[in-house]
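*Asks:* This is the structure alone, sequence omitted:
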Ligand SMILES: Nc1ncnc2c1ncn2[C@@H]1O[C@H](COP(=O)(O)OP(=O)(O)OP(=O)(O)O)[C@@H](O)[C@H]1O
């Protein structure tokens, strides 16, 4: 008998099964502890042979259960209880949900939340529900399986109610356990679509915990090849599950060697090194793999090795790591300063290069090349594992030979076209002398197979299937205005704004904040902790009816998997077609939908057209007619409304720029003062000005700083007050007399839809 999984039968339960009732105790009642209850063993009927997870039944008679707030009390039968209906007192909530389904009753708030709801149009709040729930819901909507129905397990239980209502009503586990059981634990996931991949039962269990009902295309194709031992180059759209395409076989390999070994017998050498181009992506891959492993009984030790965080801690973690995810800079730092770490990593079975085309761009990641070279380098003094050993001889000229036991896995959403053809065998496979950086580095990767398996799941379109793309033409100096207009009209869309420069991120973030939009910044010049904090804020739930906005450089373009990002705005046209694909890929992930909008000034017109042509060339040529090809649609914004927004935008911009110039100026002044003090000379800012340092490059900035310095605190206060006033004022849209901010935004959107944003219906804006 498992004492913590008790069921009960008897009078009280019968009453409760016929109708869920409120119980209040009468006079002379006696509250007893759970241990004092006199349980009696019950014969388990045959139909429960499999026990359904319950290992026995006990019953008790004449005891009522009274709920007082969060406390449950057991009231002995001798004290006759009065059972009332329709009373407003506390409710008994102890029975499982399945029993409730047949019992009409007034539900508590908690119960009401749990209860299946009437199908209705997806509200904005629902839109923001956690992604996994939403994914499951989407799937269920498609299958029509979840329409108002309880989960399969609950259905099973409901059937039992019909078969033996009394017994069902008595299924009784510890009350708080039932209360707190997460929905996820109760639901079953149909994993039959994973069966052809021949994964271990442990892995299937872990996937079930993630509630991923089927493998994505890249997972379906890459996992078997990797498990067969091949080197793989995988290309699949953004957000299509590439991390688990390599993660699952790696963890499977670890399980096959370690699952049955005791803690002591486990090998303490890493089996995998995953290289990631950015710190955020490295941590995300680590988290993703940890989530997968959460569903395993024994799991590998996963550690991230990235810059910006304490190296000593990472070195300690490396000693016990099974799977390492690192950025090249920090990885090389630890590998090149410790022979023992280097030697351990040389024994890996998997080398993964994620976002390979970015990571391996020649010259961009010198350290990545160093790592690759070091992995295959011949060390004459092989036995040495002494960190301090200076005598180790490295044979620089020796031809690197890939370790037989090591598989190389390379993944990205974008690969150079010429390279793809070569890899697919359509051209001579000769990487020597190739101009493209990626080709050069693929050579450096030193695959153990002459031709790695090349898997391309999106040969026609590089863009995610449910992504809609738009283009807004605006003046070069009007981008702030149009950015604000788009964000203002999409308050419930989690937006990511990409720029090409750190300075623009620094300027746009306060500019949007001044306009009461919840913007946070992300760029590579920020401290690591601040970077992680920004991402945390961007992932946080909406506040005051507005979704967070992330303003970032391309440091956020690759690989980041942030739930519920609905809108990508390219404030600057991206530098390359690949950057456009990756930036846009932060939305419409895992079969969700999303919108990507380019803000294009006249000067950017030609590069933008080229970019679009490049990104959509293959899809356009495959489309039946020119008309049927959607590509990137032009969005016309109502200029009247934009002009109404201009005064607030101008003022906010002025405040942001002055604040930045003031801060920068005072930092420089502090620096100069300190330098002058150290040199023992007198600091005189006027003299420095006269010395002509403000001519030539940077003189515009210096001029701005000078002007900013002259703006008084009172003037700044006045501007802020004016902006506040403007923000609270009605904006005449020419269409609808509504407030642009505050409660009427939705009404405004309804009122002007189509007219305001022009041809946006196709984009769903
Ligand atoms: N089989 C699956 N079913 C449902 N969701 C999945 C499945 N596999 C992965 N996902 C989810 O899809 C999302 C995207 O996965 P992932 O980050 O691996 O994409 P990616 O292809 O690496 O994207 P990018 O090219 O942008 O790096 C994640 O939230 C992940 O949890």
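*Replies:* All right, it came through fine. All values derive from a computational prediction rather than experimental measurement.
*Asks:* how near is the closest residue to residue 219 other than its chain neighbours to residue 216?
*Replies:* Spatially, and ignoring its direct neighbours in sequence, residue 219 is nearest to residue 245 (4.6 Å; Cβ to Cβ, 6 or more residues apart in numbering). For every residue, glycine as well, the C-beta is placed using N, CA and C. Using Cβ to Cβ, to the nearest Å, we find residue 245 at a distance of 7 Å from residue 216.
*Asks:* Which residues of the stretch 151-300 of the chain lie near the ligand?
*Replies:* 212, 215, 216, 219, 236, 238, 239, 240, 241, 242, 243, 244 (Cβ under 6 Å from any ligand atom).
*Asks:* One more pass at 5 Å, please.
*Replies:* Contact residues (Cβ under 5 Å from any ligand atom) of the stretch 151-300 of the chain with the ligand: 212, 216, 238, 239, 240, 241, 242, 243, 244.
*Asks:* The stretch 451-600 of the chain now?
*Replies:* Residues of the stretch 451-600 of the chain lying near the ligand (Cβ under 5 Å from any ligand atom): 559, 561, 585, 589, 590.
*Asks:* what helix or strand is the residue nearest to residue 219 on?
*Replies:* Element membership for residue 245, per DSSP states H and E: helix 242-258.
*Asks:* Against which helices or strands is that helix packed?
*Replies:* helix 201-210, helix 217-227, strand 232-235, helix 279-294, strand 323-326, strand 350-354, strand 407-412 (3 or more Cβ pairs under 8 Å, 6 or more residues apart in numbering; DSSP states H and E).
*Asks:* Could you export those as TSV, including distance to residue 635?
*Replies:* Shown next, in TSV, are the helices and strands packed on helix 242-258 (distance: least, Cβ to Cβ, whole Å):
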stretch	distance to residue 635
helix 201-210	37
helix 217-227	31
strand 232-235	30
helix 279-294	30
strand 323-326	39
strand 350-354	33
strand 407-412	29
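*Asks:* I'd like these as TSV, with mean neighbour count appended.
*Replies:* Converted to TSV, the helices and strands packed on helix 242-258 look like this (neighbours: other Cβ atoms under 10 Å):
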stretch	mean neighbour count
helix 201-210	18
helix 217-227	21
strand 232-235	26
helix 279-294	20
strand 323-326	27
strand 350-354	25
strand 407-412	27
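*Asks:* Let's have the ones you listed in a markdown table, adding mean pLDDT.
*Replies:* Shown next, in a markdown table, are the helices and strands packed on helix 242-258 (pLDDT from 0 to 100):
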| stretch | mean pLDDT |
| --- | --- |
| helix 201-210 | 95 |
| helix 217-227 | 97 |
| strand 232-235 | 92 |
| helix 279-294 | 95 |
| strand 323-326 | 96 |
| strand 350-354 | 94 |
| strand 407-412 | 92 |
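*Asks:* next structured bit after the helix holding residue 245?
*Replies:* With secondary structure assigned by DSSP H and E, helix 242-258 is succeeded by strand 272-275.
*Asks:* Show me the contact partners of that next one.
*Replies:* 246, 250, 282, 285, 322-328, 331, 345, 348-354, 359, 368, 371, 375 (Cβ atoms under 8 Å, 6 or more residues apart in numbering).
*Asks:* Next one, pLDDT for the closest residue to the ligand within the stretch 401-550 of the chain please.
*Replies:* Residue nearest to the ligand within the stretch 401-550 of the chain (Cβ to the nearest ligand atom): residue 413, separated by 4.2 Å. At residue 413, the model reports a pLDDT of 89.
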